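**Student:** Structure for the following, please:
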Amino acid sequence: MDVITTRGLTKFYGKTRGVESLSMSVPAGSVYGFLGPNGAGKTTTIRCLLGMLKPTAGDAEVLGERITLDGAALRRRIGYVAGEVNLYERQTGRWHLDYVAGFRGGRGVLEAELLERFDFDPGRKVKELSKGNKQKLALILGMAHDPELLILDEPTSGLDPLNQEAVYAVIDERVAAGRTVFLSSHVLSEVERVCSRVGIIRSGRLAAEEDVRSLLGKRLRDLTVTFARPVQPALLDDVIGVDSVMVLGETQLTARIKGDAIDAVIKRLASVEISDLRISHASLEDVFLEFYRHTDADDEPRAVAGREEA
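**Tutor:** So this is what the prediction gives:
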């Protein structure tokens, strides 16, 4: 069963494109990553799925029901954590939990557990909370009722690594229990950690669908090496998958590494004496620019890694 299905979903704001001819499906019990650069149409899509916006054309079904603007009963089966958290600054976390429980007809079955796991004090007012604690409150509000579908937009924004891992663990557990997660994120390591499949949206259209293994084959790393003594500038020139090499003085070099070329790079560097080495993952924005910048927005979506065309 597909928990989310869109067919030609289109939303224009006057003459401005939000999303156009978007067709995709999200199977039950999966974590589907919804990725794209800023302005690609991710938020518009999410708002259409939640019934917050009426599409200009096309339609969508969630949990087997057609989305409408008055679908309050359906929305009770969905948990949503927005990318930008907006809360009542003068009210406490407990007030928010009570307020939302009133709409849902009772307290969330996971509320007490999540309060403990996220180490969140609901007695404090929102204006006293850090960004990370505001994010914790938003997550608890969105997940406490153990919804059949979780729609998460940048769910770990502002959280430290320990709390990020706690969120991932909760996602793993809910999926194991049969729930479905639709996740929008800019963090490649987050996508790698929790998603099984991703949809790449560009200029309002689905540019590609990938399984996570295929996406990770496109990952980019930025390398900075400081050598103990001067080395030849052409040290990495013939290593396949390495480009944007820049030599800074006689003893420092930077480069961009694509996919699995990191192994060959490390072996090549082992032949010289190094005083410092730094490797960092490039952002998803860089991945989009490198691998999807030539996708024509007027092209039909293309299938990748065995998926049928949307």
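
**Student:** CA atoms for contacts and neighbours, from now on please.
**Tutor:** Fine.

**Student:** Now do the helix or strand hosting Ala112: distance to the chain's middle.
**Tutor:** Using DSSP states H and E, the element containing Ala112 is helix 111-117. The chain centre lies 24 Å from the centre of helix 111-117; the measure is CA atoms, centre = their mean, to the nearest Å.

**Student:** Helix, strand, or coil at Phe120?
**Tutor:** Secondary structure, DSSP: H, G, I helix; E, B strand; the rest coil: Phe120 is coil.

**Student:** mind listing what it touches?
**Tutor:** By CA atoms under 8 Å, 6 or more residues apart in numbering, the contact list for Phe120 reads 133, 136-137.

**Student:** buried ones in the helix holding Ala112?
**Tutor:** Residues of helix 111-117 classed as buried by neighbour count (16 or more other CA atoms under 10 Å): 111, 114-115.

**Student:** Please apply the same query to stretch 126-133.
**Tutor:** 126, 129, 133.

**Student:** what's the average pLDDT for that stretch?
**Tutor:** The average pLDDT for stretch 126-133 rounds to 96.

**Student:** Tell me where the model's unsure across the stretch 1-150 of the chain.
**Tutor:** Scanning the stretch 1-150 of the chain for pLDDT under 70 picks out nothing.

**Student:** same question, the stretch 201-310 of the chain
**Tutor:** For the stretch 201-310 of the chain, applying pLDDT under 70 flags the ranges 284, 292-310.

**Student:** Could you list the domains of the protein?
**Tutor:** Here the domain parsing of the chain from automatic domain parsing is 2-77+147-216+290-303, 220-281.

**Student:** where's the shortest one relative to the chain centroid, distance-wise?
**Tutor:** It stands for domain 220-281. Per CA atoms, centre = their mean, the centroid offset for domain 220-281 relative to its chain is 30 Å.

**Student:** Direction included, what does whatever helix or strand Ile257 lives in pair against?
**Tutor:** Element membership of Ile257 [criterion: DSSP H and E] is strand 252-258. Applying DSSP bridges, strand 252-258 is found paired with strand 220-227 (antiparallel), strand 242-248 (antiparallel).

**Student:** now for those strands, which one comes closest to Leu152?
**Tutor:** Smallest distance to Leu152 across the strands paired with strand 252-258 (CA to CA): 24.8 Å, for strand 220-227.

**Student:** Enumerate the positions of the closest one that are buried.
**Tutor:** Judged by neighbour count using 16+ other CA under 10 Å, the buried positions of strand 220-227 are 220-227.

**Student:** again with stretch 84-104
**Tutor:** Residues of stretch 84-104 classed as buried: 92-93, 95-98, 100-101, 104 (neighbour count, 16+ other CA under 10 Å).

**Student:** Just grab the bridge partners of Gly79 for me.
**Tutor:** Beta bridges link Gly79 to Leu150, judged by DSSP bridges.

**Student:** And Ala138, how far from Ser157?
**Tutor:** For Ala138, the distance to Ser157 equals 11 Å [CA to CA, to the nearest Å].

**Student:** Could you check which of these two has the larger neighbour count?
**Tutor:** Neighbour comparison, Ala138 and Ser157: the larger count goes to Ala138, with 23 against 18 (by other CA atoms under 10 Å).

**Student:** Now the spatially most central residue of the chain, what are its backbone angles?
**Tutor:** What sits nearest the mean C-alpha location of the chain, by CA atoms, centre = their mean, is Ser185, with 1.9 Å. Here is the backbone geometry of Ser185 (degrees, to the nearest 10): phi -150, psi 150.

**Student:** Could you look up the SS state of Lys218?
**Tutor:** Per three-state DSSP, the secondary structure class of Lys218 is coil.

**Student:** do Phe182 as well
**Tutor:** With three-state DSSP as the basis, Phe182 sits in strand.

**Student:** Could you verify my assumption that it touches Glu148?
**Tutor:** No. If you go by CA atoms under 8 Å, Phe182 and Glu148 don't touch, sitting 11.1 Å apart.

**Student:** which ones are touching the residue nearest to the centre of the chain?
**Tutor:** 33-35, 153-155, 191.

**Student:** possible to save the residues you listed as a markdown table with distance to Arg256, neighbour count and secondary structure?
**Tutor:** Output for those, formatted as a markdown table (distance: CA to CA, whole Å; neighbours: other CA atoms under 10 Å; DSSP: H, G, I helix; E, B strand; the rest coil):
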| residue | distance to Arg256 | neighbour count | secondary structure |
| --- | --- | --- | --- |
| Gly33 | 25 | 27 | strand |
| Phe34 | 25 | 24 | strand |
| Leu35 | 22 | 26 | strand |
| Asp153 | 29 | 21 | strand |
| Glu154 | 26 | 18 | coil |
| Pro155 | 28 | 24 | coil |
| Val191 | 21 | 24 | helix |
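
**Student:** out of these, which one sits closest to Asp286?
**Tutor:** Closest to Asp286, out of all of these and judged by CA to CA, is Leu35, at 12.4 Å.
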